[in-house]
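Peer 1: A predicted structure for the sequence below; I have some questions about it.
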Amino acid sequence: MIDVEDRTTAEVADQLAIRRLLTLYARGIDRCDIETLRAVWWPGATADYGTGPGDAIEWSEGVVVALAQMRRTQHFLGNMIVEIDGETASTETYCRAYHEVDAPDGPFEMEVGGRYLDRLERRGGEWRIAERRYVHDWNRNQPSTARWEGDLYGNLLRVGRRKPDDPLHTGA
């Protein structure tokens, strides 16, 4: 039997493992890293981003193709509530996602705010997502105000890119 002190330590470890997993999802999306995305889902996991549930790994493969066509994206995870019940957990995670795309009149920004409602399972000591439902809370769309040239930004040596060209992978 686990005493209270050990149970607390185990629960903290589970919380940290789940938070890391959800953060890896954001990295996988923004770097268009399909290997990382595949690793956050259990085989047979479902993902519903508002149009109905589907296979999460198939969704990931399709979304990487779509996101790779965008100039850049950044998913930022905020408030996160993790509730663990044995070998399962449920989470509510706030997300803000920035997307810059090419449009007929020039670069265009799309920003969305929402929440991931996840059900996770621990199998063999490893946490992964078994089911995801996305809740869309708000959005903002406008011509891009990003600047990539000039003295202030044009001289930056390290700029985020997709895998394998991102500094995370190149060491630059």
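Peer 2: Structure received. Please read these numbers as outputs of a predicted model, since none were measured by experiment.
Peer 1: what is the least confident helix or strand in the protein?
Peer 2: Sorting the helices and strands of the chain by mean pLDDT, DSSP states H and E puts helix 150-153 at the bottom, at a mean of 78.
Peer 1: using CSV, write out every CA atom in that one.
Peer 2: Extracted as CSV, the C-alpha positions of helix 150-153 are listed here (Å, rounded to 0.1, in the frame of the first residue of the first chain):
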residue,chain,number,x,y,z
GLY,A,150,15.0,45.9,-41.3
ASP,A,151,17.4,46.7,-38.5
LEU,A,152,15.2,45.4,-35.6
TYR,A,153,14.1,42.0,-37.0
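Peer 1: which residues does the very next helix or strand once past it contact?
Peer 2: Scanning forward in sequence from helix 150-153 by DSSP states H and E, the next helix or strand is helix 167-170. Contacting residues not belonging to helix 167-170 are listed as R27, R31, R158, G160, R161, K163, P164 [CB atoms under 8 Å, 6 or more residues apart in numbering]. All C-beta spots, glycine's among them, are computed from the backbone N, C-alpha and C.
Peer 1: and the residues you listed, which two are furthest apart?
Peer 2: Across those, the longest distance by CB to CB is 16.3 Å; it joins R27 and R158.
Peer 1: so the residue nearest in space to the middle of the chain versus A10, what's the distance?
Peer 2: Central residue of the chain (CA atoms, centre = their mean): A26, 2.2 Å from the mean position. From A26 across to A10, the span is 25 Å (CB to CB, to the nearest Å).
Peer 1: then I57?
Peer 2: Distance of I57 to A10, given as CB to CB: 29 Å.
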